[in-house]
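Have a look at this fold, sequence not included:
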Ligand SMILES: Nc1ncnc2c1ncn2[C@@H]1O[C@H](COP(=O)(O)OP(=O)(O)OP(=O)(O)O)[C@@H](O)[C@H]1O
């Protein structure tokens with residue numbers, strides 16, 4: 001769409017924001033907006049926006065004449081936050097347009113929507129679905145999230161699916177109901193392959209390797225891995241991070257590291273460094289948009305190289321961000337890497353816990369000690385009031401950890417700080433080490449160290465597994 005500006009120059013409409021500004025506040029809104037533009041020093045107000053009044057409301061249009069730099073988004077967000085209030089009623093109205101699993105009634109009248117929490121233009125709620133239909137109902141969650149995000153004034157929406165709780169917190173499926181011993185007592189059923197003997201040789205100069213894993217994607221495993229690694233560093237450890245998630249490497253983004261690692265001798269690789277931590281990721285080796293088709297042996301060979309051909313030494317702890325899931329690739333990795341222990345990340349919902357249980361069972365199978373469970377997005381702290389809201393079923397992972405005899409390492413609240421800092425390559429432990437979020441990760445790191453020491457003291461180091 002092209003619009004003619006005041007001086008007849010042609011501007012391209014690149015974005016627009018419908019803002020509901022009551023007429024008496026319009027001037028104030030525009031002044032606010034102009035201040036933002038001035039501060040940016042890039043565009044003049046006249047060339048940057050256009051106002052359209054359609055008889056009912058104004059919409060502000062973000063215009064960009066060819067060749068000019070993009071408009072700084074913070075001007076829009078401040079304007080937006082200042083002038084638009086999202087109401088619970090508007091969210092409910094919108095959600096009433098989403099049909100439930102029966103395709104007849106909407107999710108609101110079916111009573112599937114939890115308490116809705118709104119802070120700072122961000123909307124949080126969960127949708128309760130029958131456990132057995134959870135996976136097929138993921139599109140429903142996405143539709144609800146999309147619908148709410150489309151509301152004027154909504155900057156972000158976080159929607160979780162949660163399963164119906166029957167008879168209390170997180171009932172396990174039948175096959176995992178048996179009470180489990182402390183993880184150091186490994187089961188006798190480690191898988192034995194077809195006779196190949198592949199001992200998990202230690203990596204010289206790397207004292208301990210721990211895996212951060214999750215049963216499914218999107219629960220915050222990589223965010224936890226990064227902040228845990230930085231917290232371990234803050235506790236005086238020399239730390240490295242290995243991004244073993246070769247299908248979707250996220251360390252370059254989470255740590256804000258760009259470039260390719262160097263090699264001094266053409267054989268070994270010098271790891272990159274961020275916030276005093278050594279880091280290696282497949283993301284440094286291939287372009288982000290290069291689609292890689294990984295076959296099983298390639299995965300293992302890439303991982304082997306990133307473990308053994310990288311100059312990690314000397315470090316105390318190498319934190320491995322595992323690929324999500326519990327399939328063959330993950331199992332092989334868990335078998336091949338000489339792990340001193342594993343940390344499982346889960347969100348509190350029953351559904352995530354089912355996957356977390358699979359992760360726990362996978363590590364037990366390969367005799368890797370479980371250092372504990374982290375409940376991520378455990379509860380929500382309102383940024384304005386500091387009040388705590390348990391909208392995502394807080395406590396599920398703790399109860400589950402206790403039930404199966406795995407240490408509970410702590411609950412990380414869902415906050416925009418964690419999201420924004422980690423997605424911007426500035427993890428919260430590094431940039432706000434005294435803040436409440438960092439303290440949560442520090443306490444988790446202390447527990448991880450204690451678990452590692454306890455195991456070392458008990459002589460339960462990594463075992464050699466024959467496959
Ligand atoms: N405690 C938290 N509060 C708010 N946002 C969070 C929190 N933890 C993670 N996130 C956000 O959730 C999203 C997914 O996180 P992350 O990439 O760490 O998950 P993951 O489990 O590693 O995902 P994948 O398996 O797809 O790589 C990111 O946008 C991240 O910033």
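Cool, the structure landed. Treat the numbers as computed from the prediction; the structure is a model and nothing was measured.

Low-confidence ranges, this protein, go.
Within the chain, the segments meeting pLDDT under 70 span 1-84, 120, 163-201, 286-299, 329, 351, 457-467.

Got the domain ranges for it?
With domains defined by automatic domain parsing, the chain comprises 2-83, 88-163, 184-457.

Around the ligand, pick out the residues from the stretch 301-450 of the chain.
For the stretch 301-450 of the chain, the residues in contact with the ligand (Cβ under 6 Å from any ligand atom) are 324, 376, 377, 412, 414, 415, 418, 419, 422, 423. No exception for glycine: its C-beta is placed from N, CA and C like everyone else's.

before we move on, back to that, quick check: which of the domains of the chain has the most neighbours on average?
Across the domains of the chain, averaging neighbours per residue (mean count of other Cβ atoms under 10 Å) puts domain 184-457 on top, at a mean of 19.

Show the backbone phi and psi for whichever residue of the stretch 251-400 of the chain sits closest to the ligand.
Closest approach of the stretch 251-400 of the chain to the ligand (Cβ to the nearest ligand atom) occurs at residue 324, with a separation of 3.7 Å. As for residue 324, its main-chain torsions (degrees, to the nearest 10) stand at phi -70, psi 150.

What of residue 277?
Backbone geometry at residue 277, expressed as degrees, to the nearest 10, gives phi -120, psi 140.

what does residue 436 give?
Dihedral pair for residue 436: phi -60, psi -40, per degrees, to the nearest 10.

tell me the contacts of residue 278?
By Cβ atoms under 8 Å, 6 or more residues apart in numbering, the contact set of residue 278 is 239, 240, 241, 271, 272, 312, 315.

helix, strand or coil for it?
Following DSSP: H, G, I helix; E, B strand; the rest coil, we place residue 278 in the strand state.

just checking, residue 345 is part of a strand?
Yes - in this structure, residue 345 lies within a strand as judged by three-state DSSP.

Might one say that it is in contact with residue 372?
No - at 10.2 Å, residue 345 and residue 372 do not qualify as touching, with contact defined as Cβ atoms under 8 Å.

And the helices in the stretch 251-400 of the chain?
Secondary structure of the stretch 251-400 of the chain (DSSP state H, counting those that start in this stretch): helices located at 251-255, 282-285, 296-308, 328-336, 350-365, 396-404.

so which of those comes closest to residue 99?
Closest approach to residue 99 among the helices of the stretch 251-400 of the chain is made by helix 350-365 (20.6 Å; Cβ to Cβ).

what packs against the closest one?
Under the contact criterion of 3 or more Cβ pairs under 8 Å, 6 or more residues apart in numbering; DSSP states H and E, helix 350-365 touches strand 156-163, strand 206-213, helix 328-336, strand 341-346, strand 370-381, helix 396-404.

what's in contact with the fourth one?
The set of residues external to strand 341-346 that reach it, using Cβ under 8 Å, 6+ apart, is 208, 210-215, 219-221, 224, 228, 334, 352-353, 355-356, 359-360, 363, 368-376, 396-397, 400, 406, 409, 448, 451-452, 455.

Compute the inter-axis angle for that strand and helix 396-404.
Between strand 341-346 and helix 396-404, the angle comes out at 130 degrees (axes from the mean of the first three to the mean of the last three Cα atoms, to 10 degrees).

Likewise for the fifth one?
Relative orientation of strand 370-381 with respect to helix 396-404: 150 degrees, computed using the same axes, to 10 degrees.
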